Each structure stands twice: as structure tokens, then as C-alpha cells.
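>>> Sequence and predicted model, in that order:
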Amino acid sequence: MINLLNRKEKYEGFSLVEMLITIVIMGVVMMTASSTLTTLIKISTVSSNKTRVRSESEFVLELVRRTVRNSNPSDVYVYSTVDLRKYDPNQNTVVDNVAFDPTIKTRYATSLIENEVGNEIHFRPYGYESWICIAYFPSTEDDTVGYILKTSAQDLLDKQETCFDETASRYVIPLNSEVVNVKSFEIAYTMLKDSNYLIRFDIEAEPTQWYLAAGAPVKKIVHRQAVVSTEGIVW
């Protein structure tokens, strides 16, 4: 008869201390991997957002290059109206600043003179009856958020102030998306000897989503510039 009471068996396993050490090491590795993965995702998102800012800025500048170039210099007007109006992104309308309402028509009565900086340009390409208007206005929801807008209208020669009027809201097209904040859009022109205009467009924009600290080596703001000359025919 086998004596079960005297039977001895040796079991192998991890001690409690070894298990705790293993858990701690695995925790550190997982935290490091998680932190690295989060950083990579943030960098990828920042890179994508900044690329989108560049793309949308270039889209606006290419638009003005193609259209302004083919306009008669006598049909090009630049205005400074950034304080007169705002853009409502929810209703897709440009609304007047009530405080400046009496002076809106006066501000549009004459174009800015040479080298004065504006935020709005109206022009009529050769062969077209419609005018094209491009302007920068802050948002009604937040003054630090801005939009570049495009619209078109007819018979503006004596009523330039109506191009972005609320009644024409169905024609207003925002040229930058919600994820791109345009901080400024400046327009200025210089008269050339042949009566053409040399027009400078400066855009300063940034992504609305940014995950890097202020001291990061990557700059948040994107600057873009285009210089366009009208090609009026001099007889």
C-alpha cells in the first residue's frame, strides 16, 4: 500500500515578488508605448492640418491670379471694410456692423489709393457683365476667427456696397473651411507705367486644431503671398 501522506512533490512557479516586478515592467512598457503612439498621432494630425492650411491658402491665391489678371484696371476696386461687416457661418450671410451702418456706403464710395491696405477687392474680368468680389471678414461668433469669402453680382459700378449685402447671401461662398482660421487677408496695389495694377495679396492662416506646445519648433501660422498684374490693353 502506497503511503500517500509521505509523498512529496515539488511545484515550480513565480513568487509574488516576481509577479509584481513583471507587472510593473509591463506597465512601464505600455505607458511608454502609449505615450509614443499619442505623440505620433498628434504630430501626424498637426502635419495634416498645416498641409490643409497651405492648400486652402494656395487655392485662394490661385483663384485671384487667374481672375484678377484678366480684369480691366479701371474695373478693379480695393476697400478697407474689415470693421464694417462680419460673416455668420451658420446662416452663410454677411451681416453689417450696426455701429458703422451709416458709414458703409461712404466707405465704398471710393477705392483705396495706391499702397493702402484693404481686405476686400471687387473686379470685373474682360468679357463678363458680372463682378467678382473677394473679401475677408471676422466671424460673428468669434472675432479671432476669420473667413475669406467670394461672391458675384451684376451692375455694381455705382453700388459696390451691395456686393456682400445680406440680400445676396445665396451667392456667398467661403473659400476656407472650418478647420482653417484666416487671421488676415491684406490687399494693396501699385500703379504701373502702362496704367495696369500690380496687386499684392497676403494671407496669414492657421489650423484651428493644434496639439503642440507654444515652444514647439513647428510654427502654427502659415504665410502666403501672391503678386498679380492686370493685363489691360493700352491703345
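Okay, I see it. Being a predicted model, the structure only gives us computed values, none of them experimental.
>>> C-alpha from now on. contacts and neighbour counts both.
Noted.
>>> Which strand or helix spans T36?
T36 belongs to helix 16-68 when assigned by DSSP states H and E.
>>> ok, which stretches of the chain are strands?
Assigned strands in the chain, in chain order: 71-79, 85-88, 93-96, 120-125, 130-138, 146-154, 173-174, 180-191, 197-207, 222-229 (criterion: DSSP state E).
>>> And stretch 123-134, what's buried?
For stretch 123-134, the neighbour count (16 or more other C-alpha atoms under 10 Å) marks F123, R124, P125, Y126, W131, I132, C133, I134 as buried.
>>> what's the helix or strand of the chain with the lowest mean pLDDT packed up against?
Using mean pLDDT, DSSP states H and E, helix 16-68 stands out as the lowest-scoring helix or strand of the chain, at a mean of 82. Other helices and strands packing on helix 16-68, by 3 or more C-alpha pairs under 8 Å, 6 or more residues apart in numbering; DSSP states H and E, are strand 120-125, strand 197-207, strand 222-229.
>>> Can you give me the neighbour number for V172?
V172 has 21 neighbours, counted by other C-alpha atoms under 10 Å.
>>> shouldn't it be in contact with K150?
Yes: V172 lies in contact with K150 (C-alpha atoms under 8 Å); the separation is 5.8 Å.
>>> how close does T81 sit to D96?
Distance, T81 to D96, using C-alpha to C-alpha, to the nearest Å: 10 Å.
>>> Could you count how many residues lie near the residue nearest to L198 when sequence neighbours are not counted?
Residue nearest to L198 in three dimensions, not counting chain neighbours: S229, with 4.4 Å by C-alpha to C-alpha, 6 or more residues apart in numbering. A total of 20 residues lie near S229 under the criterion other C-alpha under 10 Å.
>>> and S229, what does it touch?
Contacts of S229 were listed using C-alpha atoms under 8 Å, 6 or more residues apart in numbering, and they are V68, R69, N196, Y197, L198, I199.
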